[in-house]
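Enquirer: for reference, the sequence and a predicted model appear below.
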Amino acid sequence: MIKVLMFSLIASVAACSCEKGWGCDVEGGYQFEIPTTLYPALDTFQIGDTIHIQNDFSDRVYDRNSQQFFDLKSFDFYPITDIYRIDTPVSKWGPGTGNHAIFEFDVIIPDGYDYDIFQYSYGAKSLLGEFKYEEGKYKLDIMLIPNRDGLYTIRHFSRLVSLKANEVQDFPGRCSDERVEGYTVLNNNSDNNRDLLLDSPDTLWSKIAYSNPIDYEKFGGYTFYVIE
């Protein structure tokens, strides 16, 4: 009788392991929070003002879905910063792409950071590179100085897979079949002027404001005016 019970228990464990991954079921995959600060947190800047974007967070990183902390030491986050001009009805880069506008800002990256402007094949530009990792912390410091007036939105987010090989990195306690992505926590999850997206004549941005507010938050959205 004991042998029968033991066999039944082992069979049940095996079934669970095959079905869900024993002890390894993360609903929605990993969404690691990337704390980020943009300051001063204004809705209107003047030409020549300095906008700071900073990352400074521990390598013990919180996952929103499992609600656990994981040790991500010497991890590659692949941060990306995009700036879009959104006061025009149609993007010159094509429908649904937005007007990339890095060139309408002076970009200052302090020494020691591997972060620079990258130009895509179709002409648009983004800032991308890596966080600096030292003494158990990830850091990045960006200064943006607008040189033209208009309505802009920034996205500052991180990919957690390689931009080249689409490879998923390993870390202690990782469930191998679960996807891994970053979730920007910008200014402690304030609204970051999301309603200003409604001022854009391009319907792409009003859809994001109304239909995809989580994407705005997740990708570190921040919207603002620049005036003379």
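Expert: Yes, it's here.

Enquirer: how about residue 89, nearest residue that isn't a chain neighbour?
Expert: In this structure, residue 89 finds its nearest non-sequential neighbour in residue 201, 4.2 Å apart by Cβ to Cβ, 6 or more residues apart in numbering. Heads up, the C-betas are built off the backbone N, CA and C, glycines and all.

Enquirer: relative to residue 85, how far out is the one you found?
Expert: Using Cβ to Cβ, to the nearest Å, residue 201 is found at 12 Å from residue 85.

Enquirer: phi, psi of the residue nearest the centre of the chain?
Expert: Centroid-nearest residue in the chain, with Cα atoms, centre = their mean: residue 157, separated by 2.2 Å. The phi/psi pair for residue 157 (degrees, to the nearest 10) reads phi -150, psi 180.

Enquirer: begin at 40, not 1, for the rest of this chat.
Expert: Understood, numbering begins at 40; the last thing we discussed is residue 196.

Enquirer: so what's it up against?
Expert: 73, 118, 119, 221, 223, 257, 258, 259 (Cβ atoms under 8 Å, 6 or more residues apart in numbering).

Enquirer: which parts of the helix or strand where the fourth one lies are buried?
Expert: Going back to what we said before, that points to residue 221. Per DSSP states H and E, residue 221 falls inside strand 219-225. The neighbour-count check on strand 219-225 (16 or more other Cβ atoms under 10 Å) flags 219, 220, 221, 222, 223, 224, 225 as buried.

Enquirer: between those, which is nearest residue 93?
Expert: Residue 93 lies nearest to residue 225 out of the buried residues of strand 219-225, by Cβ to Cβ, at 10.7 Å.

Enquirer: my read: residue 123 touches residue 141, true?
Expert: No - using Cβ atoms under 8 Å, residue 123 is not in contact with residue 141; the gap is 9.6 Å.

Enquirer: okay, the two: which has more neighbours?
Expert: Higher neighbour count among residue 123 and residue 141: residue 123, with 24 against 18, using other Cβ atoms under 10 Å.

Enquirer: ok, now which ones touch the more buried one?
Expert: Taking Cβ under 8 Å, 6+ apart, we find residue 123 in contact with 137, 138, 139, 140, 191, 192, 193, 194.

Enquirer: could you dump those residues into CSV and include distance to residue 69 and neighbour count?
Expert: Output for these, formatted as CSV (distance: Cβ to Cβ, whole Å; neighbours: other Cβ atoms under 10 Å):
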residue, distance to residue 69, neighbour count
137, 28, 23
138, 33, 19
139, 29, 21
140, 32, 20
191, 31, 25
192, 27, 24
193, 25, 23
194, 20, 20
